[in-house]
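>>> Attaching a predicted model along with its sequence, questions to come.
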Amino acid sequence: MKWTLAARKDPEIAPDEIFLDASNAPAFDTARFEGRLEKPLSRGTFFYLSVVLALVFSVLVIRTWNLQVTNGTAFAAESEHNSLEVEILFAPRGVITDVNGKVLAENAEGEDGAMRRNYPMPSLGQIIGYVSYPKKDSKGIYYETKETGIAGLEAQYDARLAGRNGQLLTERDALGRVRSEGAVVRPEDGKTLRLSVDADLERHLARAIADIAGRYGFIAGAGVIMSVQTGAVRAIVSYPSYDPNVMSNGSPAETIASYSKNPGRPFLDHAVRGVYAPGSIVKPFIASGALTDGIITPSTIIDDPGFISLPDPYHPGKSFIYKGWKALGLMDVRDALAWSSDIFFYAVGGGFENQKGLGIDRLNYWYRQFGLGSRTGIDLPGEVGGLLPTPEWKREVFNEPWYLGDTYFTAIGQYS
């Protein structure tokens with residue numbers, strides 16, 4: 001049996017039928033959009049849609065402004081920080097040694113793993129000084145990256161000792177994993193500073209000054225030992241001093257507080273910044289000047305009875321007495337220097353009876369020839385110059401005239 005489908009024939013459309021359908025179209029109300037498939041939006045719907053679109057657009061504009069203008073710099077920096085981290089590579093500070101290479105200041109690892117300064121001879125605190133370490137904020141980020149010398153040689157030679165810090169650049173992905181790492185700037189170690197000071201001699205001098213101060217009740221003192229041939233400082237002590245390890249670490253606070261309360265002023269470098277009457281060390285200078293000016297000769301003899309008596313011009317019958325340390329008898333210039341005769345140099349400096357004196361102007365002239373009253377130029381911070389007393393200075397400061405006794409005291413280095 002065979003099944004077949006009859007071929008379908010498409011009906012033909014005659015033009016007259018189309019026109020006939022058009023003429024018989026239903027009576028739709030076109031004002032109400034009857035007989036149409038689309039319909040325009042109402043004003044209410046359009047208004048609400050516009051409001052929604054405006055709000056969405058406003059949010060996008062505000063967000064874009066916030067990202068790129070208001071917080072653009074911060075977000076950009078944070079974005080870079082997230083991908084690239086820069087770590088400071090601290091340069092080791094230079095070592096300080098004595099003339100023989102003995103270490104006086106070195107670097108050692110602290111309890112927190114960071115490098116810390118170590119001072120094996122705390123008695124040298126005033127000379128060596130101390131440092132201030134790099135500082136972190138509460139987030140552990142360094143806001144101060146330099147180890148800075150604060151006092152003494154640490155401050156004077158800070159540029160030499162400090163070296164130069166380096167930088168380590170680390171690249172991380174979005175998950176915080178390290179992708180690459182490398183030193184952008186390698187740290188440069190600080191240079192070694194070798195002193196003329198002898199650590200052993202320094203220790204003995206410090207002990208001797210402390211013993212004398214304790215025995216006689218002195219609260220402060222200083223001492224310097226120099227090479228006669230070169231002028232190099234072999235030992236220099238300021239008493240009392242401070243422990244530079246304590247000052248660098250900033251603790252214990254009680255110890256630091258005790259320094260501030262000490263009447264001997266441990267923070268004052270008595271050897272460099274203290275000003276004192278020089279004493280009898282000036283007598284050779286006066287002898288040299290008096291011989292050069294012809295005030296005395298090597299054979300000039302002056303009697304030292306242990307004092308000089310001068311009449312008081314303001315009170316008849318009374319006298320001013322200027323004592324020596326001992327009655328020494330007849331003295332020439334060699335004897336006067338050997339025995340440190342005050343009476344001899346009273347007479348040579350200010351004059352007495354038949355002995356003509358240099359006078360205050362020539363005394364100060366010869367003091368200046370030997371460097372008194374000026375700075376030595378020692379390479380320690382804060383050095384101050386001395387004072388050469390003059391009649392003008394005394395009148396300005398004390399509103400008093402200059403007396404012969406002032407010249408006497410100046411001649412033996414005891415004016416104060």
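Thanks, I have the structure now. For clarity, every value in this text was computed on a predicted model and none was experimentally measured. Residues are numbered from 1 along each chain as shown.
>>> Please list all residues in contact with the closest residue to Met226 other than its chain neighbours.
Excluding its sequence neighbours, the residue lying closest to Met226 (CB to CB, 6 or more residues apart in numbering) is Val233, at 5.6 Å. Glycine gets a C-beta too; all of them are placed from N, C-alpha and C. By CB atoms under 8 Å, 6 or more residues apart in numbering, the residues touching Val233 are 196-197, 224-226, 378.
>>> List phi and psi for Val233.
Backbone geometry at Val233, expressed as degrees, to the nearest 10, gives phi -80, psi 120.
>>> close enough to count as contact, Gly351 and Gly357?
Yes - the criterion here is CB atoms under 8 Å, and Gly351 meets it with Gly357 at 3.0 Å.
>>> more neighbours, those two?
More crowded of Gly351 and Gly357, by other CB atoms under 10 Å: Gly357, with 21 against 17.
>>> Next, the contact list for the more buried one, please.
Counting by CB under 8 Å, 6+ apart, Gly357 has contacts 295, 347-351, 407, 411.
>>> State whether it is indeed within a helix.
No - applying DSSP: H, G, I helix; E, B strand; the rest coil, one finds Gly357 to be coil, outside a helix.
>>> for the stretch 251-400 of the chain, what are the low-confidence residue spans?
Scanning the stretch 251-400 of the chain for pLDDT under 70 picks out no residues.
>>> Filter the contacts of Gly357 down to just the ones in helices.
Judged by DSSP state H, the subset of the contacts of Gly357 located in helices is 347-350, 407, 411.
>>> returning to what we had before: export the contacts of Gly357 as JSON lines, with columns for distance to Val131.
Below are those laid out as JSON lines (distance: CB to CB, whole Å):
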{"residue": "Ile295", "distance to Val131": "53"}
{"residue": "Ala347", "distance to Val131": "54"}
{"residue": "Val348", "distance to Val131": "50"}
{"residue": "Gly349", "distance to Val131": "47"}
{"residue": "Gly350", "distance to Val131": "51"}
{"residue": "Gly351", "distance to Val131": "55"}
{"residue": "Thr407", "distance to Val131": "48"}
{"residue": "Ala411", "distance to Val131": "45"}
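>>> Pull the most distant pair out of these.
Within the contacts of Gly357, two members stand farthest from each other by CB to CB: Ile295 and Thr407, at 13.2 Å.
>>> In terms of pLDDT, where does Met1 sit?
What the model reports as pLDDT for Met1 is 45.
>>> which of the ones in helices among the contacts of Gly357 lies closest to Gly386?
Distance to Gly386 across those (CB to CB) is lowest for Ala411, with 15.9 Å.
>>> Find the residue closest to the closest one in space, skipping its chain neighbours.
Counting by CB to CB, 6+ apart, Gly349 is the residue found nearest to Ala411 once chain neighbours are left out, at 2.4 Å.
>>> Nothing else from me, thank you.
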